[in-house]
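Chemist: sequence first, then the predicted structure, then my questions.
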Amino acid sequence: MIQWLIEPHLIDPAKVPRVALQNGVSIAGALLVTEILISEIPEERAFCLQHRSHFRPPKLFSSM
């Protein structure tokens, strides 16, 4: 199915996993250095932000 992408060298099957691994290592390294992760708010949670009475702020620091 993806043969039409490989034959004219539009994608390199060996490069795809390497780039994915590099991106994963980069994200993991940034997470270890900064000790924080920022992600998107899911749609259902974004709705709660408009109605403060239904919103409970996340626990920022966990006790060890």
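Modeler: Right, received. Where do you want to start?

Chemist: which residues are contacting stretch 23-37?
Modeler: Stretch 23-37 has contacts (Cβ atoms under 8 Å, 6 or more residues apart in numbering) with no other residue. Where you see a C-beta, it was placed from the backbone N, CA and C, and this is true even at glycine.

Chemist: now the lengthiest helix in the chain - C-alpha only, CSV.
Modeler: Longest helix of the chain, by residue count under DSSP state H: helix 15-34. Once non-C-alpha atoms are left out, helix 15-34 reads as follows in CSV (Å, rounded to 0.1, in the frame of the first residue of the first chain):
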residue,chain,number,x,y,z
LYS,A,15,14.4,7.2,8.7
VAL,A,16,10.8,7.2,10.0
PRO,A,17,11.5,5.2,13.2
ARG,A,18,14.8,7.0,13.7
VAL,A,19,13.1,10.4,13.6
ALA,A,20,10.3,9.2,15.9
LEU,A,21,12.9,7.9,18.4
GLN,A,22,14.8,11.2,18.2
ASN,A,23,11.6,13.2,18.9
GLY,A,24,10.7,10.9,21.8
VAL,A,25,14.1,11.2,23.4
SER,A,26,14.0,15.0,23.0
ILE,A,27,10.6,15.2,24.8
ALA,A,28,11.8,12.9,27.5
GLY,A,29,15.0,14.9,28.0
ALA,A,30,13.0,18.2,28.2
LEU,A,31,10.7,16.6,30.8
LEU,A,32,13.6,15.4,32.9
VAL,A,33,15.3,18.8,32.8
THR,A,34,12.3,21.0,33.5
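
Chemist: which positions in it come out as buried?
Modeler: Under the neighbour-count criterion of 16 or more other Cβ atoms under 10 Å, helix 15-34 has nothing buried.
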